[in-house]
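> The following block contains a protein sequence and its predicted model.
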Amino acid sequence: MLDLENLHVTRGNFTLQANLSLPAGSRAAVIGPSGSGKSTLLAMIAGFLHPDQGRVRWNGEDITNTAPGKRPVSVLFQDQNLFPHLSAAQNVGLGLRPDLRLNHAQKARVGQVLAHVGLEGMENRKPANLSGGQQSRVALARVLLRARPILLLDEPFAALGPALKVEMLRLLDQFTTENNTTVLMVTHDPDDARAFTPSTILIEHGAAHPPVPTEPLLDNPPPGLRAYLG
Ligand SMILES: Nc1ncnc2c1ncn2[C@@H]1O[C@H](COP(=O)(O)OP(=O)(O)OP(=O)(O)O)[C@@H](O)[C@H]1O
């Protein structure tokens, strides 16, 4: 269980509160208007932002003061965070060891996960020599390899075409089901939420609300969400 207990954070004159729980292995969309605090919520779970008050717990353990790299969390952002001077395999290998001193078995795992996302034979290419969609696959391969219990996705596929996005979501679905990964996915696309995340955390008016079933929420959205969804 991921518990956000009475979290409160301030950024300039913006404040966000969150008091909610997400069962281990479940998935939730994070939906709300631009500037409502979606990335802020993820940053508190990932440990990039420290709350002014409240606790973050994972399976009962208090991780509020745990450094980002030591949390049971991996994050996939839209901008992919690939290092331009490193090959696809090296960018993925960073998910295992930041110093890239991989042993034979770890190198084999990198090759396997790259093949899994359809990049066999492209291991030695640098990001500049990969298409946008292939770069997304490299970034996805890196978070898959880390295989942390919590996966935070901040509009990871917003820049992809529809077919590629469907393919990425399929890979994520398969992987997170196999690994019982707990997933929070920021999305602006109601169709993604309907397809991938049975529950949704709505963020508005400075609060992240407890997850509710996605379909009824989107079928009958409250006024603020209705305006936002258009
Ligand atoms: N470093 C910062 N310093 C001050 N205010 C910030 C900072 N980062 C974000 N904010 C403010 O915090 C609020 C929430 O930002 P956040 O990025 O979490 O929103 P969001 O819902 O992810 O938005 P979007 O959908 O546009 O990406 C915004 O009002 C933003 O201006």
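Perfect, thanks for sending it. Note that the coordinates shown come from a computational prediction; the quantities given were computed from them, not determined experimentally.
> In terms of pLDDT, where does Phe196 sit?
Each residue has a pLDDT score; the one for Phe196 is 92.
> Stretch 205-216: end-to-end distance?
The first residue of stretch 205-216 is 21 Å away from its last residue (CA to CA, to the nearest Å).
> Residues in contact with that stretch: which ones?
For stretch 205-216, contacts defined as CB atoms under 8 Å, 6 or more residues apart in numbering pick out 4, 14-22, 26, 28-30, 37, 41, 193-194, 197-203, 224. Every residue, glycine included, has its C-beta placed from N, CA and C.
> shaky segments in this structure?
Where the chain drops to pLDDT under 70, the residues are 80.
> Name the residues of it found near the ligand, please.
Within the chain, the positions lying close to the ligand (CB under 6 Å from any ligand atom) are Arg11, Gly12, Phe14, Gly32, Ser34, Gly35, Ser36, Gly37, Lys38, Ser39, Thr40.
> If any of those residues are buried, put those into a ChimeraX selection.
The following ChimeraX line selects those of these that are buried, judged by 16 or more other CB atoms under 10 Å:
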select :32,36,37,38,39,40
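> how close does His85 sit to Arg101?
17 Å (CB to CB, to the nearest Å).
> So what does the residue of the chain most remote from its centre have for phi and psi?
Here the chain reaches farthest from its C-alpha mean at His104, the gap being 28.8 Å by CA atoms, centre = their mean. Dihedral angles of His104 (phi, psi; degrees, to the nearest 10) stand at phi -60, psi -50.
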